[in-house]
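Asks: Task: produce atomic coordinates for the following.
(one chain, ligands or ions: 1)
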Amino acid sequence: MSPHLFSGSTLDAYTSGVWHASALLADRVKAVRQPYSGATVGDLQGQVDAVDLDRPLGDTGAALHEVARLYVDNAVWFHEPTYVAHLNCPVAIPALSAEVLISAINSSVDTWDQSATGTLIERRLIDWTAGRIGFGPGADGVFTSGGTQSNLQGLLLAREEALEGRSREANLARLRIFATTESHFSVSKSAGILGLAADAVVGVATDGTGRMDPDALVAAIEGVRRDGGLPMAVVATTGTTDLGRIDPVDVIGPICESQGIWLHVDAAYGCGLLVSPRRRHLLDGIERADSVTVDFHKSFYQPVSCSAIVVRRGETMRRIAVHADYLNPRTATVPNQVDKSLQTTRRFDALKLWMTLRTMGSEEIGTMFDTVVDRAAEVHAEIARDPDFEALAAPTLSTVLFRYRPDGMTVAECDELMPRLRQRLFYGGEAIVAGTVMGGHYWLKFTLLNPNTTMEHLANVLNLLRLTGRDLLGEKSGAAVMV
Ligand SMILES: *Cc1c(COP(=O)(O)O)cnc(C)c1O
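Replies: This is a model prediction of the structure:
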């Protein structure tokens with residue numbers, strides 16, 4: 001009998017293995033003072049390459065220590081308050097307890113006979129989410145690996161709906177998706193995967209703040225119809241990745257209804273508003289969507305992966321069901337989630353959300369999200385007052401775009417300096433910020449998801465950017481003098 005396989009007779013090895021991993025993690029995290037060690041690709045590449053994968057250490061403890069050195073000591077820590085870069089959150093502890101169960105029991109929520117209660121729990125959570133969205137009893141959905149997969153599936157359902165009763169061959173190249181340039185890049189990626197034409201994603205103009213302009217949407221739809229195209233879907237984003245803007249779904253919904261076009265709402269980032277005590281109204285109209293992407297691993301503080309696609313009319317999912325005699329025959333009388341998923345074997349990620357809701361409740365989640373949205377407004381005002389920095393427009397959610405641009409620096413100089421500043425900060429390890437290009441110019445970005453990030457932390461990050469920026473400018477003039 002293998003001593004390394006989980007079973008009723010290896011429980012000592014199991015509990016010691018899990019205990020050692022969590023003890024080691026706790027020990028290392030206790031000493032963490034900054035989000036990154038500062039190690040370079042070169043440093044880490046050498047260490048990873050030096051491991052001989054064909055010579056096992058034979059002992060979990062020894063393997064854990066090796067991993068601690070390679071991975072844990074050089075991890076990027078999202079719980080550190082000066083990690084303010086991407087949409088990564090500190091994770092809810094009840095969800096980590098769930099992970100222990102999920103990985104050892106190893107349920108697969110594709111068919112009932114591999115998951116049992118797992119399937120029922122997942123379904124309850126889909127119903128709960130649909131309720132929060134405001135969908136009626138006909139709603140359905142499934143957990144996915146992330147917003148990218150949810151967007152792909154939403155658009156797949158839209159494609160099938162648009163092709164209903166039409167020749168696939170004759171119409172595939174005519175299909176068009178309407179989205180703004182602020183929409184997530186997974187929208188164009190999906191269009192490619194779905195076999196649509198290269199110009200299938202039609203850009204809809206924004207109102208100047210980055211929100212979809214409904215009049216421009218109507219004009220774009222009319223233009224497409226005039227040119228012989230077939231409108232397939234409108235993608236409205238409620239919480240764009242860079243600016244956090246919320247497309248006006250309350251106006252876009254009725255347009256889609258009257259035009260007979262599928263409305264997919266990408267709430268990957270903004271889904272935390274569903275449980276926000278103070279900002280739920282920002283999602284008004286989302287209940288008119290045909291499909292909605294929610295990323296619990298962003299604004300619901302869940303460990304990756306934990307996401308879902310939720311649809312208003314459950315029957316639209318049936319169109320993608322494929323049956324296999326060995327898995328989910330047509331005659332099945334039990335609930336098989338695989339009928340609705342793009343995946344087959346699938347993690348029981350829903351248990352993490354379940355444990356979180358049963359332990360903390362949704363209001364605490366929503367309050368944490370409200371806190372970071374408040375903080376973004378505060379830090380934006382702070383940046384706007386600081387003569388060394390320039391802030392882009394006021395935030396809607398929890399991202400803030402800004403740049404270090406002291407008196408006398410041209411925009412071109414600033415564009416050149418910002419990526420270097422961001423990189424220098426990263427390898428310093430004390431704080432991590434993101435960067436993006438907006439209107440052809442480079443901006444630094446704070447993405448706040450950690451409610452433990454205070455104004456003091458953010459002031460420290462700004463000062464660090466200021467000092468690092470000065471250093472870089474000094475090095476540049478120093479170099480010029482040397483030449
Ligand atoms: C993050 C994000 C996605 C993609 O989600 P993943 O979970 O990273 O696949 C899609 N849309 C928006 C608006 C996002 O912010």
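
Asks: Near the ligand, which residues of the stretch 151-300 of the chain are found?
Replies: Proximity of the stretch 151-300 of the chain to the ligand, by CB under 6 Å from any ligand atom, involves residues Asn151, His184, Ser186, Thr237, Gly239, Thr241, Asp266, Ala268, Tyr269, Asp295. C-beta coordinates here come from the backbone N, C-alpha and C atoms, glycine included.

Asks: Which of the residues in the longest helix seen in the chain are classified as buried?
Replies: Across the chain, the helix with the greatest residue count (assigned by DSSP state H) is helix 455-482. For helix 455-482, the neighbour count (16 or more other CB atoms under 10 Å) marks His457, Leu458, Val461, Leu462, Leu464, Leu465, Arg466, Thr468, Gly469, Leu473 as buried.

Asks: residues touching the fourth one, list them.
Replies: Contacts for Leu462 were tallied using CB atoms under 8 Å, 6 or more residues apart in numbering; they are Glu382, Ile383, Asp386, Phe389.

Asks: Quickly list what whichever residue of the stretch 301-450 of the chain sits closest to the ligand is bridged to.
Replies: Of all residues in the stretch 301-450 of the chain, Ser307 sits closest to the ligand, at 5.6 Å by CB to the nearest ligand atom. Assessed by DSSP bridges, Ser307 has beta-bridge partners Thr144, Asp295.

Asks: Quick check: pLDDT value at it.
Replies: Here the pLDDT value assigned to Ser307 is 98.

Asks: filter the residues of the stretch 151-300 of the chain next to the ligand to the buried ones?
Replies: Here, 16+ other CB under 10 Å leaves Asn151, His184, Ser186, Thr237, Gly239, Thr241, Asp266, Ala268, Tyr269, Asp295 buried among these.

Asks: Show me the strands in the stretch 201-350 of the chain, by range?
Replies: Counting by DSSP state E, counting those that start in this stretch, the stretch 201-350 of the chain has these strands, from start to end: 201-203, 230-237, 262-267, 291-295, 307-311.

Asks: Please work out which of the ones you listed is packed deepest.
Replies: Of all the strands of the stretch 201-350 of the chain, strand 291-295 has the most neighbours on average by mean count of other CB atoms under 10 Å, namely a mean of 30.

Asks: elements contacting it?
Replies: Judged by 3 or more CB pairs under 8 Å, 6 or more residues apart in numbering; DSSP states H and E, strand 291-295 is in contact with helix 147-163, strand 262-267, strand 307-311.

Asks: Who are the packing partners of the last one?
Replies: Applying 3+ CB pairs under 8 Å, 6+ apart, one finds that strand 307-311 makes contact with helix 117-133, strand 140-144, helix 147-163, strand 291-295, helix 296-299.

Asks: repeat for the longest one
Replies: If you count contacts as 3+ CB pairs under 8 Å, 6+ apart, helix 147-163 packs onto strand 140-144, strand 175-179, helix 186-193, strand 230-237, strand 262-267, strand 291-295, strand 307-311, helix 315-318.

Asks: Now do it against strand 175-179, angle only.
Replies: Between helix 147-163 and strand 175-179, the angle comes out at 130 degrees (axes from the mean of the first three to the mean of the last three CA atoms, to 10 degrees).

Asks: following helix 147-163, which helix or strand shows up next?
Replies: Of the helices and strands lying after helix 147-163 in sequence (DSSP states H and E), the nearest is helix 168-171.

Asks: Return that next one as CSV; C-alpha atoms alone will do.
Replies: Provided in CSV are the C-alpha atoms of helix 168-171 (Å, rounded to 0.1, in the frame of the first residue of the first chain):
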residue,chain,number,x,y,z
ARG,A,168,-24.2,28.4,-39.3
GLU,A,169,-22.0,28.4,-42.4
ALA,A,170,-23.7,31.3,-44.0
ASN,A,171,-23.9,33.5,-40.8
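
Asks: Show residues contacting it.
Replies: Contact with helix 168-171 is made by Ala162, Leu163, Leu230, as judged by CB under 8 Å, 6+ apart.

Asks: 10 Å - rerun?
Replies: Contact partners of helix 168-171, identified using CB atoms under 10 Å, 6 or more residues apart in numbering, comprise Arg159, Glu160, Ala162, Leu163, Gly195, Gly229, Leu230, Met232.

Asks: Any quick ChimeraX command for the buried ones out of the residues you listed?
Replies: Listed next is the ChimeraX selection for buried residues among the contacts of helix 168-171, using 16+ other CB under 10 Å:
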select :159,160,162,163,229,230,232
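
Asks: Any chance of CSV for the contacts of helix 168-171, columns distance to Ser362?
Replies: Putting these into CSV (distance: CB to CB, whole Å) gives the following:
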residue, distance to Ser362
Arg159, 33
Glu160, 32
Ala162, 35
Leu163, 38
Gly195, 39
Gly229, 41
Leu230, 40
Met232, 34
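
Asks: Arg55 and the ligand: what is the separation?
Replies: Going from Arg55 to the ligand by CB to the nearest ligand atom, to the nearest Å gives 36 Å.

Asks: and that residue, that's in a helix?
Replies: No: the assignment for Arg55, made by DSSP: H, G, I helix; E, B strand; the rest coil, is coil rather than a helix.

Asks: Give me the distance between stretch 167-176 and the centre of its chain.
Replies: Averaging C-alpha positions (CA atoms, centre = their mean, to the nearest Å) puts stretch 167-176 31 Å from its chain's average.

Asks: and the end-to-end length of it?
Replies: 16 Å (CA to CA, to the nearest Å).

Asks: can you check stretch 381-398 too?
Replies: Length of stretch 381-398, first residue to last, CA to CA: 13 Å.

Asks: And it, what's buried?
Replies: Glu382, Ile383, Asp386, Asp388, Phe389, Glu390, Ala391, Leu392, Pro395, Thr396, Leu397, Ser398.

Asks: Hmm, Ser16 is touching Ser22, no?
Replies: No: using CB atoms under 10 Å, Ser16 makes no contact with Ser22, being 11.0 Å away.

Asks: Can you tell me the number of residues neighbouring Ser145?
Replies: 18 (other CB atoms under 10 Å).

Asks: can you tell me which residues contact Ile121?
Replies: Neighbouring residues of Ile121 by CB under 10 Å, 6+ apart: Ser107, Val109, Ser115, Phe348, Ala350, Leu351, Leu353, Trp354.

Asks: Please read the previous query as pertaining to Val310.
Replies: 126-127, 129-133, 135, 139-142, 150, 154, 265, 267, 271, 289, 291-294.

Asks: So how do I select the buried members of those in PyMOL?
Replies: A single PyMOL command suffices to select whichever of those are buried according to 16+ other CB under 10 Å:
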select buried, resi 126+127+129+130+132+133+135+139+140+141+142+150+154+265+267+271+289+291+292+293+294
